[in-house]
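In: Kindly generate the corresponding structure for this input.
(chains A, B, C and D)
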2 protein chains.
Amino acid sequence: MSADPSARRGIPDATVARLPEYLRALTGLAERGITSVSSEELASAAGVRSAKLRKDLSHLGSYGVRGVGYEVDHLAYQISRELGLTQDWPVAIIGMGNLGHALAAYSGFATRGFRVVALLDQDAGLLGQEIAGITVQPMTVLDELVAEQGLAIGVIATPAASAQEVCDALVAAGVRSILNFAPCVLVVPDDVDVRKVDLSTELQILAFHEQRKALAAEGALGAVALEPVKPELNRVVGR
Amino acid sequence: MSADPSARRGIPDATVARLPEYLRALTGLAERGITSVSSEELASAAGVRSAKLRKDLSHLGSYGVRGVGYEVDHLAYQISRELGLTQDWPVAIIGMGNLGHALAAYSGFATRGFRVVALLDQDAGLLGQEIAGITVQPMTVLDELVAEQGLAIGVIATPAASAQEVCDALVAAGVRSILNFAPCVLVVPDDVDVRKVDLSTELQILAFHEQRKALAAEGALGAVALEPVKPELNRVVGR
DNA sequence: ACGCTTTTGTGAACGGATGCACAAAGTCAC
DNA sequence: GTGACTTTGTGCATCCGTTCACAAAAGCGT
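Out: The predicted model follows:
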């Protein structure tokens, strides 16, 4: 309806994915006492091109001043609001193995906007144990957490074998946003969002590029080696 | 040069990012004794559309049989090879805090293709301690690791404040592939690949979508009440 | 041998994201 | 008030990735 540029029905996913980085950069600037920033400077701090930054920001409204730049606090607030960080989202972590344990203590949650309200595990042996000041509870409290605490986000840190089962329990309890650390594909209804964080996938992508670099170097040396001169350049590369 | 379809100069990044998932799906099928699979089945197991899967696979060559499908073992091998997993990549983890500790013990590395050869930390208090069977060493051994172990991949699990410093040390030692868990932008030369894994970014993206869902529900209920009042509500801050 | 069925591999259309270049809109100096 | 200067916001062209739809290729039954 409105011609308001913040007709936020359609902020591109690619833009949304970058907003947290912009917010982080702005927070850093604010801590250093900087109150105003140009798109060029902010883009550089966030690791993108200034044109991309400006286009991204234009999707949330017109918060800059031509000839001057952006007011750091104000822009940070606008991005926070757009991301829904002006409220605290209750989070539950399921699976208190190595990873879940680390996540419970990880400062990432300490960021304004999120609050760990529960640690859950299926293993009766861990129940009652206290981790990072929170008592580990059984999965059966999920319904209660959603109803009484407004639990909205579930973090799955279980082995892959139990991830789908845990996911189903979260969905059944009414959780519609899931962060999955288990290396597997989760099947969920359309109205549930799943984001996946996968260490071994990332390593494999790095390995692909690393291999390409190694092959390129080898190829370059090989080409030289084909020339009848300079045989001593044949060094072992990569491997 | 060659008209070989596996002219791998250009496998799209988007495709490379999905290959690990295909590989995982294939491994799962193989474990269940399945020897042949159609693009439809494999795509379903990997959570993508069959057309996308087929196009992705077509970038590495023509390994399917029309009217039949793909031979599981063979395709798994081809993807492994393309990803560079037929060799073991030496990995070092830097930063033995909560996260680094969990990563050292995490089974993600146990996947064929990677081998943790060192755990490093700048804190002298942790040196000599043994984690997951590996002794924590100081950063100064980096050069040695690259020269003698062929260290190729560095995993940064330090706080954001020291991440760039650690990154610079890795690059100086010759490491060209970095997986960064610290919530910050790393500046590196062009020939170095950095991939970032960031818990709080992922949570914030989820929060955005969660908020949108909440607003949509609210809007559906109270559309009449909310609509006329909205303009000028957000223009509070001057400068 | 031959047509019927299945499934791959891919050309072509489409849509979204990126980068470029510049007009519009503001500040600042005087 | 005016003109020079700075920086935003955005139309446009381009590129990359996804989806569609189908011809080509293989197996199978007769």
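In: C-alpha only now, for contacts and for neighbours.
Out: Noted.
In: Please enumerate residues in contact with whichever strand or helix holds A:Ser80?
Out: For A:Ser80, the host element (DSSP states H and E) is helix A:72-83. Helix A:72-83 has contacts (C-alpha atoms under 8 Å, 6 or more residues apart in numbering or on different chains) with A:16, A:19, A:23, A:26-27, A:29-30, A:34-37, A:60, A:63, A:86, B:204-205, B:207-208, B:211, B:237.
In: at 7 Å what do you get?
Out: Under the criterion C-alpha atoms under 7 Å, 6 or more residues apart in numbering or on different chains, residues A:19, A:23, A:26, A:30, A:35-37, A:63, A:86, B:204, B:207-208, B:237 lie in contact with helix A:72-83.
In: Now intersect the residues you listed with the helices, please.
Out: Helix and strand membership here follows DSSP state H; of these, those in helices are A:Leu19, A:Leu23, A:Leu26, A:Ala30, B:Gln204, B:Ala207, B:Phe208.
In: can you pick the most crowded of those?
Out: Most neighbours among the ones in helices among the contacts of helix A:72-83, by other C-alpha atoms under 10 Å in any protein chain shown: A:Leu26, with 27 neighbours.
In: Return the residues in contact with that residue.
Out: A:Leu26 is in contact with A:Val72, A:Ala76, counting by C-alpha under 7 Å, 6+ apart.
In: tell me the pLDDT at it?
Out: On the pLDDT scale, A:Leu26 is placed at 98.
In: Report pLDDT for A:Val237.
Out: pLDDT, A:Val237: 36.
In: before we move on, what about A:Leu221?
Out: 77.
In: Could you confirm whether any residue of the helix or strand hosting it contacts DNA strand D?
Out: Following DSSP H and E, one finds A:Leu221 within helix A:199-226. No: on the criterion C-alpha under 7 Å from any atom of the strand, helix A:199-226 is out of touch with DNA strand D, staying 13.3 Å away.
In: What's the local residue count around A:Gly33?
Out: When counting by other C-alpha under 10 Å, one arrives at 10 neighbours for A:Gly33.
In: Report the contact partners of the spatially closest residue to A:Gly69 that is not a sequence neighbour.
Out: Take A:Gly69 and drop its neighbours on the chain: the residue closest to it by C-alpha to C-alpha, 6 or more residues apart in numbering or on different chains is A:Ser38, 4.2 Å away. For A:Ser38, the contact set (C-alpha under 7 Å, 6+ apart) comprises A:Val68, A:Gly69, A:Tyr70.
In: what separates A:Gln137 from A:Gly222, distance-wise?
Out: Relative to A:Gly222, A:Gln137 is positioned 60 Å away (C-alpha to C-alpha, to the nearest Å).
In: Mind checking which of those two has more residues around it?
Out: A:Gln137 (21 against 15).
In: Identify the bridge partners of the more buried one.
Out: Beta-bridge partners of A:Gln137, counted by DSSP bridges, are A:Leu120.
In: contacts for stretch A:97-113?
Out: A:85-89, A:93, A:115, A:132, A:157, B:98-99, B:102, B:106, B:199-200.
In: What about those residues, which are in strands?
Out: Among the contacts of stretch A:97-113, the members found in strands (DSSP state E) are A:Trp89, A:Ile93, A:Arg115.
In: Let me have the residues you listed in TSV, adding pLDDT, distance to B:Asp193 and neighbour count as columns.
Out: Converted to TSV, the ones in strands among the contacts of stretch A:97-113 look like this (pLDDT from 0 to 100; distance: C-alpha to C-alpha, whole Å; neighbours: other C-alpha atoms under 10 Å in any protein chain shown):
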residue	pLDDT	distance to B:Asp193	neighbour count
A:Trp89	96	33	24
A:Ile93	98	31	23
A:Arg115	94	33	16
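In: now, which of those residues sits nearest A:Ala124?
Out: The closest of those to A:Ala124 turns out to be A:Ile93 (C-alpha to C-alpha; 15.9 Å).
In: related to what we said a few turns ago, show me what counts as buried in the helix holding A:Leu221.
Out: A:199-213, A:215, A:218, A:221 (16 or more other C-alpha atoms under 10 Å in any protein chain shown).
In: From DNA strand D, how far out is A:Tyr106?
Out: A:Tyr106 sits 31 Å away from DNA strand D, taking C-alpha to the nearest atom of the strand, to the nearest Å as the criterion.
In: so what pLDDT did A:Val229 get?
Out: Per-residue confidence (pLDDT) for A:Val229: 39.
In: burial count for A:Asp56?
Out: Neighbour tally, A:Asp56, other C-alpha under 10 Å: 19.
In: what about A:Val91, which SS state?
Out: Recorded secondary structure, A:Val91: strand (DSSP: H, G, I helix; E, B strand; the rest coil).
In: tally of neighbours for it?
Out: Other residues lying near A:Val91 total 25 when counted by other C-alpha under 10 Å.
In: now the worst-scoring helix or strand of chain A on mean pLDDT, how far from the centre of its chain.
Out: Using mean pLDDT, DSSP states H and E, helix A:199-226 stands out as the lowest-scoring helix or strand of chain A, at a mean of 85. Distance of helix A:199-226 from the chain centroid (C-alpha atoms, centre = their mean, to the nearest Å) equals 28 Å.
In: And stretch A:180-200, by the same measure?
Out: Using C-alpha atoms, centre = their mean, the offset of stretch A:180-200 from its chain centre is 13 Å.
In: Would you mark the buried spots in it?
Out: Those would be A:180-186, A:192-197, A:199-200, for stretch A:180-200 by 16+ other C-alpha under 10 Å.
In: do the same with stretch A:111-126
Out: Going by neighbour count (16+ other C-alpha under 10 Å), the buried part of stretch A:111-126 is A:Gly113, A:Phe114, A:Arg115, A:Val116, A:Val117, A:Ala118, A:Leu119, A:Leu120, A:Asp121, A:Gln122, A:Leu126.
In: Look up how far B:Gln204 lies from A:Ser44.
Out: For A:Ser44, the distance to B:Gln204 equals 21 Å [C-alpha to C-alpha].
In: cool, and A:Ser62?
Out: For A:Ser62, the distance to B:Gln204 equals 22 Å [C-alpha to C-alpha].
In: Then A:Leu170?
Out: Look at A:Leu170 and B:Gln204: by C-alpha to C-alpha, they are 19 Å apart.
In: for A:Val188, same thing?
Out: According to C-alpha to C-alpha, A:Val188 and B:Gln204 sit 20 Å apart.
In: Equivalent analysis for A:Leu126, please.
Out: Applying C-alpha to C-alpha, the value for A:Leu126 to B:Gln204 is 29 Å.
In: can you check A:Val171 too?
Out: Between A:Val171 and B:Gln204 the computed distance is 20 Å (C-alpha to C-alpha).
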